[in-house]
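Q: Fold the following.
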Amino acid sequence: MKNLQSTTTLHNGVEMPWFGLGVFKVKEGTEVVNSVKAAIEAGYKSIDTAAIYGNEEGVGKAIAESNVPREELFITTKVWNSAQGYDTTLAAFEESMKKLGLEYLDLYLIHWPVPQQNKYKETWKALEKLYKDGRVRAIGVSNFKEHHLKDLLDNCEVKPMVNQVEYHPRLTQTGIHKLCKQNGIQLEAWSPLMQGGLFEEPTLKEIAQKYGKSIAQVILRWDLQTEVVTIPKSITPHRIQENADIFDFELSADDMEKISSLNQNQRVGSDPDEMNKF
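A: Now for the predicted structure:
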């Protein structure tokens, strides 16, 4: 992980950047266009959106207006809960592609397992088809706990390449991280900064001071050193640049351990077993 363009190799050989921009809750229109453009100008290659974010068109516009060739970018979107199922997922994919204005996608994810409707295996079959048809370079899941993932692994032809979960020093997800590693599945962090909930943590303040870095930079560096892809959200150009300025230092094993020990299994998002929004 030498720089912002450094990649991890997914189990199908596709290169995925370790670091990217998430656009959850970034407003459609000027706000999302400007933040994606600022990220691409700062050297980001990976942009993560979702159908439910309602900003795929703005992401597409920013990509189209950037000077970076499409093949150098890594674009992720996700199928929402209400569209789960085989045919509905295929239709949702086409809708997302139309909004993004893209010919192909780099990564398509099932947004939540939604165990109450129990359609994720059917949805996965649609993702496998998109993958086999060459519409998507990699497929994966999001917010899958161990039991959801084991169930899917027992019922799939193509193994997920990525599992994107809530991951930060208060929620280290060691069980799912281990299961993903055993199966060659790349773990990816959403809400890596716990939506700002860690900025007053004394341990992190102390470590940040020691390295002459911000708390955000320390947490994002910890992500990378735990071999977790990370996609912090920001709409401020200087913050977008600052978040990415984490490739010129390395946390010691001792400091890594101190950060990991802050775990309290505390979520800011929904518990995947209880998330049933459609």
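
Q: need the contact list for Tyr167.
A: Residues in contact with Tyr167 (CB atoms under 8 Å, 6 or more residues apart in numbering) are 173, 187-192, 223, 228, 230. The way it works is simple: take the backbone N, C-alpha and C, and place the C-beta from them, glycine included.

Q: nearest residue to it other than its sequence neighbours?
A: Ala189 (3.6 Å; CB to CB, 6 or more residues apart in numbering).

Q: Does the one you found belong to a helix, a strand or coil?
A: strand (DSSP: H, G, I helix; E, B strand; the rest coil).

Q: my guess is it contacts Lys233, does it?
A: No - counting by CB atoms under 8 Å, Ala189 sits too far from Lys233 to count as a contact (11.5 Å).

Q: which SS state does Phe199 fall under?
A: Secondary structure state of Phe199, per three-state DSSP, is coil.

Q: who's Met16 bridged to?
A: When assigned by DSSP bridges, Met16 has beta-bridge partners Thr8.

Q: show me where the protein has helices.
A: Secondary structure of the chain (DSSP state H): helices located at 30-41, 56-65, 86-100, 120-132, 146-153, 174-182, 202-211, 215-225, 237-243, 253-260.

Q: Figure out which of those helices is closest to Glu274.
A: helix 146-153 (12.7 Å; CB to CB).

Q: Packing partners of that closest one?
A: helix 120-132, strand 136-142, helix 174-182 (3 or more CB pairs under 8 Å, 6 or more residues apart in numbering; DSSP states H and E).

Q: residues contacting the residue nearest to Tyr167?
A: Per CB under 8 Å, 6+ apart, neighbours of Ala189: 164-168, 223, 228-231.

Q: returning to that earlier point: can you list the helices and strands packed on helix 146-153 in TSV and add distance to Leu251, mean neighbour count and mean pLDDT?
A: Shown next, in TSV, are the helices and strands packed on helix 146-153 (distance: least, CB to CB, whole Å; neighbours: other CB atoms under 10 Å; pLDDT from 0 to 100):
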stretch	distance to Leu251	mean neighbour count	mean pLDDT
helix 120-132	35	20	98
strand 136-142	27	24	98
helix 174-182	17	15	98
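
Q: Nearest to Cys156, out of those?
A: helix 120-132 (5.8 Å).

Q: what sits up against that closest one?
A: 79, 84-87, 89-90, 93, 108, 110, 113-114, 136, 138-139, 141, 148, 151-152, 155-158, 160.

Q: burial count for Gly20?
A: By other CB atoms under 10 Å, the residues close to Gly20 number 24.

Q: nope, Glu94 is what I meant
A: 12.

Q: Ser214: what's its closest spatial neighbour, skipping adjacent residues?
A: Nearest residue to Ser214 in three dimensions, chain neighbours excluded: Ala208, at 6.0 Å (CB to CB, 6+ apart).

Q: pLDDT weak spots in the stretch 151-278 of the chain?
A: Filtered on pLDDT under 70, the stretch 151-278 of the chain yields no residues whatsoever.

Q: Hmm, Glu103 and Val136 touching each other?
A: No - under the criterion of CB under 8 Å, Val136 makes no contact with Glu103, lying 11.2 Å away.
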